[in-house]
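*Asks:* I would like the atomic coordinates for the input below:
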Amino acid sequence: MGNSTKISNGVKPVITFARWGNYTIAFKTLFEQLGLEVILPEKTTSQTITEGAKIAPEMYCFPMKVTLGNILSGLKKGANTAFMVQNVGGSCRQRYYGAIQEKVLKEAGHNIIFLDFRVTPKDIYKTIKKISGASFWQIIRAGKFFFKKLRFIERIEKMAQYYRPREIEKGTTDRLLTDIFTKLEKINKEKDFSRFKKEALKKFSQIKIEKKKNIPKVGLVGEIYTVCDPTINFEIERKLGLEGIEVHREMDITYHLKKLIFPWKDWTIQRKINPYLKSTVGGHGRDAIYEMLKYIKEDFDGIIHLLPWGCMPEVTVRPILEKIHLESGIPFLSLSLDEQIAEAGINTRLEAFIDVVRNCCNKKHSQSRI
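*Replies:* Just a heads-up that it's a prediction; the model follows:
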């Protein structure tokens, strides 16, 4: 991991890291369980992105600019150590984020220790142990608690995707979601988490919904950061849900962990997409094709492709996704995001897409009744 992880002059590490949607809660818990002080960056805003874009390499993709802005925010609040998860392999530029971010931050005058998590689990363990001084079992317990919170976050988000378009009183799901994640961040004991988890799931089951409502379904595909972080994609899941549309997305951390643990999953993906792409393109390009084909097979009513401007894997597969859209007739919207994009423009395109999706859904149900 290089000399950048060493603690110089005995300075105690104060950790910060880029925000990543609700996953931020789980990463905060991980470092706190290791006995480290954590300073969260401010919530991502246009100012955050502007600050990151000022020092980012000119042609680097949107997530680089946002995550740089997040780290800068944490450094200004007193952090001295930055943590960044890397892409272990493939041809996506994200695998170089740590090295580039460390370089530009130091050139900007920040004396920073950089934890670049992009190598083997063994090296990651050594770095965690060195930076925290935690014992083997403390690291295991922290990792276990981290994954429990992570899986709970993903489960709650999926439940919100189901309940939001069906709720009788609009906004109930989002209010509950905010309350759950606010409380989850403060829980630092596993025994308290187990009790809280049961209570949260019970509250979700008590939301009054229209069970027989005809709900259109839309699948989100694309690059993982733009798909999972609501502050980056202008809360597209929430907006679709409030318009009565159920959103699905496979792209999350668990999805990628399964690909690492079960190598044959990647083989299955390639086999499914062979008619359209016979080689890797890096990033999450192949996954986007695979997921779109899967959603079409499951009779979804629309597909939204989210990608950062300048993301070569996603730009490469976009014509393939458009070809699948033309072959299948499924409504398709591709949204390229960067610091220049205005929310009003996204909303206008989304409103038009929602109308098409509703018409598609209604047409299918009318034909099924004939």
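*Asks:* Can you give me the distance of the residue nearest to the spatial centre of the chain to residue 364?
*Replies:* By C-alpha atoms, centre = their mean, the mean C-alpha position of the chain lies nearest to residue 228, the distance being 2.8 Å. Distance of residue 228 to residue 364, computed by C-beta to C-beta, to the nearest Å: 29 Å. Just so you know, the C-beta spots here come from the backbone N, C-alpha and C atoms, and that holds for glycine as well.
*Asks:* Residue 279 too?
*Replies:* Distance, residue 279 to residue 364, using C-beta to C-beta: 35 Å.
*Asks:* Who has more neighbours out of those two?
*Replies:* Taking other C-beta atoms under 10 Å, residue 279 and residue 364 do not tie; residue 364 has more neighbours (13 against 7).
*Asks:* so what does the helix or strand hosting that one touch, helix or strand wise?
*Replies:* Using DSSP states H and E, residue 364 sits within helix 343-369. Judged by 3 or more C-beta pairs under 8 Å, 6 or more residues apart in numbering; DSSP states H and E, the packing partners of helix 343-369 are helix 236-242, strand 302-308, strand 332-337.
*Asks:* ok, residues contacting stretch 239-254?
*Replies:* 23, 150-151, 154, 160-162, 164-166, 170-171, 173, 213, 215-222, 224, 227-228, 236-237, 284, 287, 291, 294-295, 300-302, 347, 350, 354, 357 (C-beta atoms under 8 Å, 6 or more residues apart in numbering).
*Asks:* Residue ranges in the chain under the pLDDT threshold?
*Replies:* 1-10, 85-96, 116-123, 368-370 (pLDDT under 70).
*Asks:* Got the domain ranges for it?
*Replies:* 3-132, 147-163+166-214, 215-370 (automatic domain parsing).
*Asks:* chain center to the first one: distance?
*Replies:* Going by C-alpha atoms, centre = their mean, to the nearest Å, the spacing between the C-alpha centre of domain 3-132 and its chain's C-alpha centre is 16 Å.
*Asks:* What number of residues are in the vicinity of residue 199?
*Replies:* Residue 199, neighbours per other C-beta under 10 Å, totals 10.
*Asks:* so which helix or strand takes in it?
*Replies:* helix 190-205.
*Asks:* and that helix, what does it pack onto?
*Replies:* Helix 190-205 packs on helix 136-163, helix 172-186, going by 3+ C-beta pairs under 8 Å, 6+ apart.
*Asks:* Tabulate the helices and strands packed on helix 343-369 in a markdown table, adding columns for distance to residue 320.
*Replies:* Shown next, in a markdown table, are the helices and strands packed on helix 343-369 (distance: least, C-beta to C-beta, whole Å):
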| stretch | distance to residue 320 |
| --- | --- |
| helix 236-242 | 22 |
| strand 302-308 | 10 |
| strand 332-337 | 11 |
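*Asks:* looking at these, which is closest to residue 55?
*Replies:* Residue 55 sits nearest to strand 302-308 of all these, at 17.4 Å, using C-beta to C-beta.
*Asks:* Using the three-state scheme, assign residue 41.
*Replies:* Classification of residue 41 by DSSP: H, G, I helix; E, B strand; the rest coil places it in coil.
*Asks:* contacting residues around it?
*Replies:* 16-19, 48, 69-74, 77.
*Asks:* out of those residues, which one sits closest to residue 30?
*Replies:* residue 17 (9.9 Å).
*Asks:* For the closest one, which residues are in contact?
*Replies:* By C-beta under 8 Å, 6+ apart, the neighbours of residue 17 are 27, 41, 70-71, 74, 82-84.
*Asks:* Alpha carbons of stretch 268-281, as CSV, please.
*Replies:* Below are the C-alpha coordinates for stretch 268-281, written out as CSV (Å, rounded to 0.1, in the frame of the first residue of the first chain):
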residue,chain,number,x,y,z
THR,A,268,-22.8,-16.3,-16.3
ILE,A,269,-23.0,-12.6,-17.0
GLN,A,270,-20.7,-12.9,-20.0
ARG,A,271,-22.6,-15.9,-21.4
LYS,A,272,-25.9,-14.0,-21.2
ILE,A,273,-24.6,-10.9,-23.0
ASN,A,274,-22.5,-12.7,-25.7
PRO,A,275,-24.9,-11.8,-28.5
TYR,A,276,-24.2,-8.1,-27.8
LEU,A,277,-20.7,-8.0,-26.3
LYS,A,278,-18.0,-10.7,-26.4
SER,A,279,-15.3,-9.0,-24.3
THR,A,280,-14.9,-6.9,-21.1
VAL,A,281,-15.0,-3.1,-21.3
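*Asks:* Residue 76: neighbour count?
*Replies:* Residue 76 has 14 nearby residues by other C-beta under 10 Å.
*Asks:* For it, give its distance to residue 185.
*Replies:* Distance from residue 76 to residue 185, by C-beta to C-beta: 21 Å.
*Asks:* picking that back up, for PyMOL, write a command that selects the buried ones of the contacts of stretch 239-254.
*Replies:* To isolate the buried ones among the contacts of stretch 239-254 in PyMOL, judged by 16 or more other C-beta atoms under 10 Å, type:
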select buried, resi 23+150+154+160+161+162+164+165+166+173+216+217+218+219+220+221+222+224+227+228+236+237+284+287+291+294+295+300+301+302+350+354+357
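*Asks:* thinking residue 48 is in contact with residue 66, fair?
*Replies:* Yes. Using C-beta atoms under 8 Å, residue 48 makes contact with residue 66 at a distance of 7.0 Å.
*Asks:* Including distance to residue 33, could the helices and strands packed on helix 190-205 go into a markdown table?
*Replies:* Converted to a markdown table, those look like this (distance: least, C-beta to C-beta, whole Å):
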| stretch | distance to residue 33 |
| --- | --- |
| helix 136-163 | 4 |
| helix 172-186 | 13 |
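*Asks:* Ok, which of those helices comes nearest residue 130?
*Replies:* Using C-beta to C-beta, the nearest of those to residue 130 is helix 136-163, at 11.3 Å.
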